[in-house]
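K.L.:
fold the following.
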Amino acid sequence: MNRTNEKQSQPLKSVETHQENAPIAHCELEGDHEHADPLAWQEIARVLFVASAAVAMWFVGRSTNPYIIATGVICTVVGCFPIFHEAYENITQRRMTMELSMAIAIVAALAIREIFTALVITLFVLVAEILEGLTVGRGRKAIQHLVNLLPSAATVRRSGSWIDVEMGDVTKDDEVLVRPGGRIPADGKVVGGHSFVDQGPITGESMPVEKQPGTVVYAGTINQSGALEVRVERLGRDTTFGKIIEAVETAEKSRAPIQGIADRLAGYLVYFALGAAVLTFLISHNIRSTISVIIVAGACGIAAGTPLAILGAIGRAAQDGAIIKGGLYLEKLAEVDTILLDKTGTLTYGAPEVMEIRPANGVTTESLIEAAAIAESQSEHPVAKAILRKASQMGIRVRHPDQFDYTPGRGIVAKIGREEIAVGNWMHFQEEGMKDIETIQGTFDGAVLVTRGGHLLGSIRVADLVRPEAKVAIQNIKSMGLTTILLTGDSRTVAEAVGKSLGVDEISAEMLPEQKLQCVQKLLAQGKKVVMVGDGVNDAPALAQSTVGVAMGSGTDVARESSDIVLIGSDLAKFVETLRIARRCRRTIMQNFVGTLVVDSIGVGLAAFGFLNPLLAAFIHVSSEMAFILNSARLLPPASSANQFIRGILSQAPSATNEVKTVSIVRG
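P.N.:
You can find the predicted model right below:
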């Protein structure tokens, strides 16, 4: 009923310690105060009381004894006090709800001395509210269970020794000691020790992950074998774990437009039921048929089922690794028809690696990489970083050049002593007049060339790895009837290589941030409903302007703040699943809408013509209401384990294999 739904939809409160970034120390649900043990027993006792009174009235039958009638009326009034109280509040607030119509029906039944009927109606309503409260509470309890994964105290290094302190006293850059079997209290990096950490509560990984100095650990995960010293980087709500809880809380407080429609429709159905009842009485003068008309019409399946479906979908999306910042964006996501995709960091990892080394005749691989690394040592370009990483892996000591000159879009010329080293693309060397350059264009296409002292040493192919799940994700998106468009600032050659390999519908390359924004605005002006998926600062304007902005979890803070949905772990498969969840949520709500209208229309018609007595009308009302609420409850994440609520949320990008597609990168 609406009464239970209003209690359950109150915002989640988090009580935090005095520090702004203190951990989430306690979490309460306001609605759960009303469903704590004392009240639960009170509700159960009221149901048993009404049931006993109904059984007693059944045995006495249609007694005319005034004492029995008075006793039945008193039992009914005591039993349905919550319904009358809610109906009174609705009248004072000028709101039409099903509690008001049910209260009218109960009073009418009492007026014609249908005491047993009034008691059974009351019993149905009370039982339905308890079941509804238990169902709606499932999604909220999962959030509360998450908090139990965080420790309330930590062992911190202070003045050279380890001491135990409350989490509220832990600050950023503190070093905490996590003993075997303990939970990691904050996000941070390992600075000492070696162990294996069970990240299952966060990532759903079945095997523990090895941790050593320099690796990242997450709050809420479990240290297994050895002690770890962790330097704290993020605490409490600033941790990835805290952001999950905060985002779901925010989503709960927001109201999607369809919830407003559901509330209005529920009110209209009440007016419809009362109007039909008046018309029935005027035509038939049958008070039992009139009462049945009031009883059978119900809109609780809409009023309670709609927010439950939205909450369930948000929880389910979080379980699959996507944080939706509000029900509004969930509703919009179900309606989109165009998907705009950034390339670097979205379809690719955005971290180029050396994929192929091809030294010229008589040149060793080591000397080729050494020369390239010397020239690139002063550069911040992704190609340079990839070459320097390769040199480090090969154990090559890199010297810094005496002179360094970089030409954007062409390459680098560096000098070490009197010797000149050049690293660049084929066009750069052609302009420099390198001999026989035409003969090696095809051989070294898509790679950087390296010369030293005027002699060609060979080529190095650096490529950005295409995410292995990207092709399947795009195929799934297209199977939903959506248009995919690749937007990138990269060169057209690279963009087309990525776009064609993944099968996107349209490709737009060499785009500046303002051009991406203009593309979004143009599509919106054409009546398109657009999703922008990106990860960088240059994507932020388009993310903010689009119908729904989706940021990759590994992207920049600006992108995440500008977006409406954040994919933790940067897995495009999670975006596809979120799309499906949004559509399923909309489909579920529409099923409830249509089902309620059909049941109410048929039920009112049957009741008006005398085919339904009040008891059967009450049964149809309650059973249909619970059917629609349970239909919405199918979206809720499993309540058996809080771990499953955020399964896969922090999954990391898989390491490159030989099967992973690559995209060659050159400057420009």
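
K.L.:
which other helices and strands does the biggest helix by length in the chain contact?
P.N.:
Counting by DSSP state H, the longest helix found in the chain is helix 572-608. Under the contact criterion of 3 or more Cβ pairs under 8 Å, 6 or more residues apart in numbering; DSSP states H and E, helix 572-608 touches helix 257-284, helix 287-296, helix 300-319, strand 322-324, helix 327-333, helix 470-479, strand 565-567, helix 614-633. For every residue, glycine as well, the C-beta is placed using N, CA and C.

K.L.:
mind running it again at 6 Å?
P.N.:
With contacts defined as 3 or more Cβ pairs under 6 Å, 6 or more residues apart in numbering; DSSP states H and E, the packing partners of helix 572-608 are helix 287-296, helix 300-319, helix 470-479, helix 614-633.

K.L.:
is it true that V178 touches I222?
P.N.:
No: using Cβ atoms under 6 Å, V178 is not in contact with I222; the gap is 9.2 Å.

K.L.:
of these two, give the one with the bigger neighbour count.
P.N.:
Legend: neighbour count by other Cβ atoms under 10 Å for V178 and I222, higher for V178 (28 against 19).

K.L.:
measure the more buried one to M57 for me?
P.N.:
64 Å (Cβ to Cβ, to the nearest Å).

K.L.:
helix/strand/coil for S379?
P.N.:
Under DSSP: H, G, I helix; E, B strand; the rest coil, the three-state class of S379 is coil.

K.L.:
could you say which of the helices and strands packed on helix 572-608 is packed most deeply?
P.N.:
The highest average neighbour count among the helices and strands packed on helix 572-608, using mean count of other Cβ atoms under 10 Å, belongs to helix 300-319 at a mean of 28.

K.L.:
among the helices and strands packed on helix 572-608, which gets the worst mean confidence?
P.N.:
For the helices and strands packed on helix 572-608, the weakest mean pLDDT is recorded on helix 300-319, namely a mean of 78.

K.L.:
now the angle from that helix to helix 572-608?
P.N.:
Relative orientation of helix 300-319 and helix 572-608, computed by axes from the mean of the first three to the mean of the last three Cα atoms, to 10 degrees: 170 degrees.

K.L.:
what about the helices in the stretch 51-200 of the chain?
P.N.:
Counting by DSSP state H, counting those that start in this stretch, the segments of the stretch 51-200 of the chain that form helices are 66-79, 81-92, 98-111, 115-147, 200-203.

K.L.:
and the residue nearest the centre of this protein?
P.N.:
For the chain, I323 is the residue whose C-alpha lies nearest the centre (Cα atoms, centre = their mean; 2.6 Å).

K.L.:
I'd say it and V566 touch.
P.N.:
Yes: contact criterion Cβ under 6 Å: I323 and V566 qualify, at 4.6 Å.

K.L.:
bridging across strands, which residues link to V413?
P.N.:
Here V413 sits in beta bridges with D405, A422, going by DSSP bridges.

K.L.:
check the gap between it and A470 for me.
P.N.:
For V413 relative to A470 (Cβ to Cβ), the value is 36 Å.

K.L.:
next: R586.
P.N.:
In this structure, R586 and A470 are 26 Å apart, going by Cβ to Cβ.

K.L.:
and what of R461?
P.N.:
On the measure of Cβ to Cβ, R461 and A470 end up 20 Å apart.

K.L.:
any low-confidence regions in the stretch 1-150 of the chain?
P.N.:
For the stretch 1-150 of the chain, the stretches flagged by pLDDT under 70 are 1-40, 61-63, 94-99, 101, 131-149.

K.L.:
ok, back up a step: let me know the pLDDT of the residue nearest to the centre of the chain.
P.N.:
81.

K.L.:
and the one 10 residues further on, by the same measure?
P.N.:
Here the pLDDT value assigned to L333 is 93.

K.L.:
over to the one 10 residues further on?
P.N.:
The predicted local confidence for K343 comes out at a pLDDT of 85.

K.L.:
and it, how many neighbours?
P.N.:
27.

K.L.:
again with G527
P.N.:
7.

K.L.:
what's the helix or strand for it?
P.N.:
Element membership for G527, per DSSP states H and E: none, as it lies in no helix or strand.

K.L.:
quick one: mean pLDDT for the longest strand seen in the chain?
P.N.:
In the chain, assigned by DSSP state E, the strand with the most residues is strand 455-465. Strand 455-465 carries an average pLDDT of 83.

K.L.:
put the alpha carbons of that strand into CSV.
P.N.:
Extracted as CSV, the C-alpha positions of strand 455-465 are listed here (Å, rounded to 0.1, in the frame of the first residue of the first chain):
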residue,chain,number,x,y,z
HIS,A,455,71.7,5.3,-40.6
LEU,A,456,68.4,3.6,-40.4
LEU,A,457,68.2,1.3,-37.3
GLY,A,458,64.7,0.0,-37.9
SER,A,459,61.2,0.5,-36.8
ILE,A,460,59.1,0.2,-33.7
ARG,A,461,55.3,-0.4,-33.9
VAL,A,462,53.5,1.2,-30.9
ALA,A,463,49.8,0.4,-30.6
ASP,A,464,46.9,1.2,-28.3
LEU,A,465,45.2,-2.0,-27.3
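
K.L.:
partner strands of it, parallel or antiparallel?
P.N.:
Sheet pairing for strand 455-465, using DSSP bridges, gives strand 353-359 (antiparallel), strand 448-452 (antiparallel), strand 662-664 (antiparallel).

K.L.:
what's the longest one in contact with?
P.N.:
Outside strand 353-359, the residues that touch it by Cβ atoms under 6 Å, 6 or more residues apart in numbering are T365, L368, A386, K390, G458, S459, I460, R461, V462, A463, T662.

K.L.:
quick one: buried residues of that strand?
P.N.:
E353, V354, M355, I357, R358, P359 (16 or more other Cβ atoms under 10 Å).

K.L.:
ok, now how distant is the first one from S379?
P.N.:
Separation of E353 from S379 (Cβ to Cβ) stands at 16 Å.

K.L.:
repeat that for the fifth one.
P.N.:
Per Cβ to Cβ, R358 is found 21 Å from S379.

K.L.:
same thing with the fourth one?
P.N.:
Relative to S379, I357 is positioned 18 Å away (Cβ to Cβ).

K.L.:
same question, A56
P.N.:
Distance from A56 to S379, by Cβ to Cβ: 90 Å.

K.L.:
the two - which one has more neighbours?
P.N.:
S379 (19 against 16).

K.L.:
which regions of the stretch 501-650 of the chain sit below the pLDDT cut-off?
P.N.:
536-537, 554-560, 569, 637-650.

K.L.:
and the stretch 351-500 of the chain, by the same measure?
P.N.:
408-410, 427-428, 430-446.

K.L.:
try it again at 50.
P.N.:
438-445 (pLDDT under 50).

K.L.:
ok, W58 to T117 distance?
P.N.:
The value you get for W58 to T117, if Cβ to Cβ is used, is 11 Å.

K.L.:
which one's more surrounded, the two?
P.N.:
T117 (27 against 11).

K.L.:
thinking again about what came up before, now, among the buried residues of strand 353-359, which is nearest to L100?
P.N.:
Nearest to L100, judged by Cβ to Cβ, of the buried residues of strand 353-359 is E353 at 66.9 Å.
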